[in-house]
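K.L.:
what follows is a predicted structure for the sequence shown.
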Amino acid sequence: MRVIVVGGGVVGTMHAWQAIQRGHEVVQIEREAEARGASLRNFGQIWVSGRAGGEELDTALRARELWEEIGKQVPDLGFRANGSLTPVRTAREYAVAEAATRRPDAAARGYELVTAAEARAVNPALRGAFEAALWCERDAAVEPRTAQVALRAALSATGRYTFLPGREVRDVAGPGAVRDDHGEVHSGDAVVLATGAWLSGLVRELAPELPVRRVRLQMMQTEPLGEPLTTSVADADSFRYYPAYRSAALDELNAGQAQPETAAAHRMQLLMVQRLDGGLTIGDTHEYEHPFAFDTLEDPYDHLTGVVESFLGRPLPKIRRRWAGVYAQCTDTTRVVHREQVRDGIWLVTGPGGRGMTCSPAIAETTANELGW
C-alpha cells in the first residue's frame with residue numbers, strides 16, 4: 001500500500017509512522033521547509049492527567065503507551081516518564097485535588113494527593129510555599145521542536161519513506177490523489193490530510209462545514225534553570241480547564257475563589273516543563289475570538305512569571321523566547337478528533353485541540369485500523 005500524508009506536524013508524522021510500521025510506503029508532503037505550527041509551539045507534554053473519562057482518557061492512555069514504545073526506538077525524541085505535580089494552596093484547591101483521587105479512573109491516571117514534603121522529595125526545585133500537590137504518575141514529555149525531525153530520520157532509514165517539504169497541496173487529482181503547487185500529482189491507496197490549524201484553501205473546499213475552530217495561545221521559554229525540574233508542573237487554575245477535575249468541589253472553587261484578573265481575562269493556567277537543555281517552557285493563554293491579534297501581550301507573561309517564581313521560591317531565569325501558536329479544536333470539545341472521508345480515497349484528520357501532542361500516536365493508530373492499513 002502507498003499512503004500520502006499531507007502535513008508535517010505530529011499528527012501527520014504519526015500517521016506516517018503507523019503506515020511504515022505496517023509495512024507500507026509513505027510520501028509525506030509539508031508546505032513549509034519544516035512544520036511550524038502547533039506541533040512545535042507546545043509543551044511537548046504527554047498530558048494524561050486532565051483528560052475526560054471514556055474515549056478521551058482511553059485515547060490518551062493508549063497514546064502514552066505508544067509514545068513510550070516509540071521513544072525506545074527513537075531515543076532522540078527525548079521521551080521521559082516525568083509525571084506531573086499540581087501544587088495547591090487553599091482549602092478549595094485541595095478539595096478539587098482530593099475529589100480527583102476519588103474518580104473511578106484515578107488509578108489509571110496515577111493520581112495521588114501528596115503532602116508538600118512528599119512533592120518536594122519528587123521535585124526538589126519546588127521550594128515555594130504550597131500545602132499539598134496532586135501527583136499524576138502517567139504524564140510524560142518529549143521535545144516538541146525536534147520530535148518530527150527525529151521521527152522522520154527513523155522513517156527514512158526504512159527506505160519506504162519520502163519527505164517532500166516546500167510543497168502546498170492545492171487540489172484533488174482523482175481518487176487517492178492530490179496535486180501540489182509544483183504541478184506534481186501524488187497518488188496512493190489513501191491520502192490523509194493532517195493539516196492542523198490550516199483550515200483554508202483545499203480543506204475549506206473539501207469540508208466547508210467543518211466543525212472545528214482555531215485557538216490561539218501564548219507561551220515562553222527560559223534560559224536553563226540550573227537544576228533539574230524533575231516533573232511537569234501545573235497550577236490549580238488548570239483544574240478549571242480540564243474535564244477530569246469536574247466535581248462539586250470544582251463548582252465551589254469557581255464560585256468562591258476567583259482567578260486573578262489577568263488569568264481570567266486570558267483564560268489562563270500554568271503548565272511548565274523543562275527542556276533537555278535545562279530551559280523551562282511555560283504557558284499558557286487561550287484566545288477563541290477571530291480575528292486573532294498578531295502581537296503578544298505582556299500581562300499574561302508577567303502573571304505566569306509570578307506564579308512560577310512562587311512555586312520555585314526563586315527568580316525565573318532570563319526569558320529566551322516568546323511566541324504565539326494556533327491549534328485546531330473540535331467545536332464539540334468532547335470529541336477527540338474530527339476524522340472525515342472528504343473524497344474517494346481521501347481523509348481529513350484534524351481538531352484534536354490541546355490534545356494533539358498527547359494523543360497523536362493513538363489517533364493515527366485508529367485511522368490506520370479504520371482504513372484497514
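P.N.:
Arrived safely.
K.L.:
you'd agree Ala364 is in a helix?
P.N.:
Yes: according to DSSP: H, G, I helix; E, B strand; the rest coil, Ala364 belongs to a helix.
K.L.:
what's around it, how many residues?
P.N.:
When neighbours are defined as other Cβ atoms under 10 Å, Ala364 has 29 of them. (C-beta placed from N, C-alpha, C; glycine too.)
K.L.:
I figured Gln259 was touching Arg240, is that so?
P.N.:
Yes: with contact defined as Cβ atoms under 8 Å, Gln259 counts as touching Arg240 (7.2 Å).
K.L.:
now do the SS call for His186.
P.N.:
For His186, the reduced secondary structure class is strand; criterion used: three-state DSSP.
K.L.:
show me the strands in the stretch 101-250 of the chain, by range?
P.N.:
Secondary structure of the stretch 101-250 of the chain (DSSP state E, counting those that start in this stretch): strands located at 111-115, 132-136, 140-141, 161-165, 169-174, 177-180, 185-187, 190-193, 212-222, 232-234.
K.L.:
relative to the first one, what are the paired strands and their orientations?
P.N.:
In this case it means strand 111-115. strand 132-136 (antiparallel) (DSSP bridges).
K.L.:
centre of the chain to the strand it pairs with, how far?
P.N.:
In terms of Cα atoms, centre = their mean, to the nearest Å, the centre of strand 132-136 is set 21 Å apart from its chain centre.
K.L.:
list the contacts of it.
P.N.:
Here strand 132-136 makes contact (Cβ atoms under 8 Å, 6 or more residues apart in numbering) with 48-49, 83-88, 94, 97, 100-101, 109-116, 118-119, 122, 126.
K.L.:
which stretches of this protein form helices?
P.N.:
Taking DSSP state H to define them, one finds helices in the chain at 10-21, 55-73, 91-101, 106-109, 116-122, 144-156, 202-206, 248-256, 261-265, 298-312, 356-371.
K.L.:
counting contacts, what elements does the shortest one pack onto?
P.N.:
In this case it means helix 106-109. Counting contacts by 3 or more Cβ pairs under 8 Å, 6 or more residues apart in numbering; DSSP states H and E, helix 106-109 packs against helix 55-73.
K.L.:
residues touching the closest residue to Ala52 other than its chain neighbours, list them.
P.N.:
Residue nearest to Ala52 in three dimensions, not counting chain neighbours: Pro243, with 3.8 Å by Cβ to Cβ, 6 or more residues apart in numbering. By Cβ under 8 Å, 6+ apart, the contact set of Pro243 is Gly50, Arg51, Ala52, Gly53, Glu56, Thr334.
K.L.:
same question, Gln21
P.N.:
No contacts exist for Gln21 under Cβ under 8 Å, 6+ apart.
K.L.:
one more: Ala173?
P.N.:
Ala173 makes contacts with Arg179, Val185, Ser187, as judged by Cβ under 8 Å, 6+ apart.
K.L.:
at 7 Å instead, please
P.N.:
Arg179, Val185 (Cβ atoms under 7 Å, 6 or more residues apart in numbering).
K.L.:
then His182?
P.N.:
Taking Cβ under 7 Å, 6+ apart as the criterion, His182 is in contact with Arg167.
K.L.:
try Ala63
P.N.:
Ala63 makes contact with Ile46, Thr358, Cys359, Ser360, Pro361, Ala362 under the criterion Cβ under 7 Å, 6+ apart.
K.L.:
ditto for Asp299
P.N.:
Asp299 sits in contact with Thr262, where contact means Cβ under 7 Å, 6+ apart.
K.L.:
what about it, distance to Leu253?
P.N.:
The gap separating Asp299 from Leu253 is 23 Å, by Cβ to Cβ, to the nearest Å.
K.L.:
same deal with Glu168?
P.N.:
Taking Cβ to Cβ, one finds Glu168 at 46 Å from Leu253.
K.L.:
now swap in Met220 and tell me
P.N.:
Met220 sits 26 Å away from Leu253, going by Cβ to Cβ.
K.L.:
out of these two, which sits in the busier spot?
P.N.:
Remark: of Met220 and Leu253, Leu253 carries more neighbours, 25 against 22, as counted by other Cβ under 10 Å.
K.L.:
find me whatever residue is spatially closest to Lys72, sequence neighbours aside.
P.N.:
Nearest residue to Lys72, sequence neighbours excluded (Cβ to Cβ, 6+ apart): Phe79, at 7.9 Å.
K.L.:
let me redo that: Gly8
P.N.:
In space, Gly8 comes closest to Glu30 once its chain neighbours are excluded; the distance is 3.1 Å by Cβ to Cβ, 6+ apart.
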